[in-house]
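1. Kindly return the folded structure for what I paste below:
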Amino acid sequence: MTKLPKISFFLNLLILLMTIFATWAMLTGFHFMTEPGKPAALSAANAKAFKYFTVDSNVFAGIISLVMMFVQILIAKGRLNSIPKPVQFLKLAATTGVSLTMLVTVLFLAPFQFGFFALFTDSNFFLHLIIPLVCIITFVFFEPAEIPMLQTFAGTIPMLIYGVFYGTNIILHLENGQTSQTYDWYGFLAGGFNTIWLVALIIFGFTWLIAFLLTAANKKIAKLR
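-> Predicted coordinates for the structure are as follows:
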């Protein structure tokens, strides 16, 4: 196994192990940074945790990391010459998803909704920060991708799927035409339900920008090798 596939393999293994641990910690309510009995913000000690994009995107990233590990093994054995295109798109989508999680937390949820410490403790320390950072480093520096810039929209697919679930859930639970904080748990529609299309457009554009920049950085690093 050459240098890049070897580093990619071990970083993906790290992502997978951290994802398993962080997901287990959230589902079981395991605390290692805060007092037991005080659930962290945007967490749930049961299957309800999967209503959060944070959990879904990180689990998806863990699954794709496992796929990438098998790909790197096949490359090392000479059965593949490079990362297959479908896997490249999946890795871009997974990396974009966790990058979106991290940036929305840092730029919106932490400063305006919950406070920084509340969103970077226990399982969320990994889900909101460490795993996304390792995913970005892995994709940009150690997994050369041949993704045309016009096809970077593929990176928005996980967000679009989740957005349909999130938006539908809000619409089905409107109270006298008003959103409920119980179902708009991220507070995206704090400005009123009539802002839903503007919010959706901003989130889509921001997600695509992340995918675009990740791909551009990947190509830039590849040219420097």
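2. so where's the chain shaky on pLDDT?
-> 1, 35-40 (pLDDT under 70).
3. ok, longest helix in it?
-> helix 196-224 (DSSP state H).
4. Go through that helix and flag the buried ones.
-> 196, 199, 203, 207-212, 214-215, 218-219 (16 or more other CB atoms under 10 Å). (C-beta placed from N, C-alpha, C; glycine too.)
5. same question, stretch 31-50
-> 31, 40-45, 49.
6. tell me the two of the buried residues of helix 196-224 that are most distant?
-> I196 and K219 (34.8 Å; CB to CB).
7. Nearest the middle, which residue of this structure would you pick?
-> V98 (1.8 Å; CA atoms, centre = their mean).
8. What distance do you get for the nearest residue to S43 once chain neighbours are set aside to I137?
-> Leaving out its chain neighbours, the residue that sits closest to S43 by CB to CB, 6 or more residues apart in numbering is M26, at 5.3 Å. Per CB to CB, to the nearest Å, M26 is found 23 Å from I137.
9. just to revisit the earlier point, may I ask which helix or strand encompasses the residue nearest to S43?
-> Per DSSP states H and E, M26 falls inside helix 3-28.
10. buried set for the helix or strand following that helix?
-> Where DSSP H and E defines the elements, the next helix or strand beyond helix 3-28 is helix 53-76. Residues 53-62, 64-65, 67-69, 71-72, 75 are the ones in helix 53-76 that count as buried (16+ other CB under 10 Å).
11. Kindly report the same for stretch 122-142.
-> Using 16+ other CB under 10 Å as the test for burial, stretch 122-142 gives 122-132, 134-136, 138-142.
12. could I get that stretch in CSV with only the CA atoms?
-> In CSV, the C-alpha atoms belonging to stretch 122-142 read as follows (Å, rounded to 0.1, in the frame of the first residue of the first chain):
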residue,chain,number,x,y,z
ASP,A,122,-19.5,14.6,25.3
SER,A,123,-20.6,13.0,22.0
ASN,A,124,-21.0,16.4,20.4
PHE,A,125,-17.4,17.1,20.9
PHE,A,126,-16.7,14.5,18.2
LEU,A,127,-19.8,14.9,16.1
HIS,A,128,-19.6,18.7,15.9
LEU,A,129,-15.9,19.2,15.7
ILE,A,130,-13.3,16.3,15.6
ILE,A,131,-14.9,14.0,13.1
PRO,A,132,-15.8,16.8,10.6
LEU,A,133,-12.2,18.1,10.8
VAL,A,134,-10.7,14.6,10.2
CYS,A,135,-13.1,14.0,7.4
ILE,A,136,-12.1,17.3,5.7
ILE,A,137,-8.3,16.6,6.1
THR,A,138,-8.8,13.0,4.8
PHE,A,139,-10.8,14.1,1.7
VAL,A,140,-8.7,17.1,0.8
PHE,A,141,-5.2,15.8,1.3
PHE,A,142,-5.3,12.0,0.9
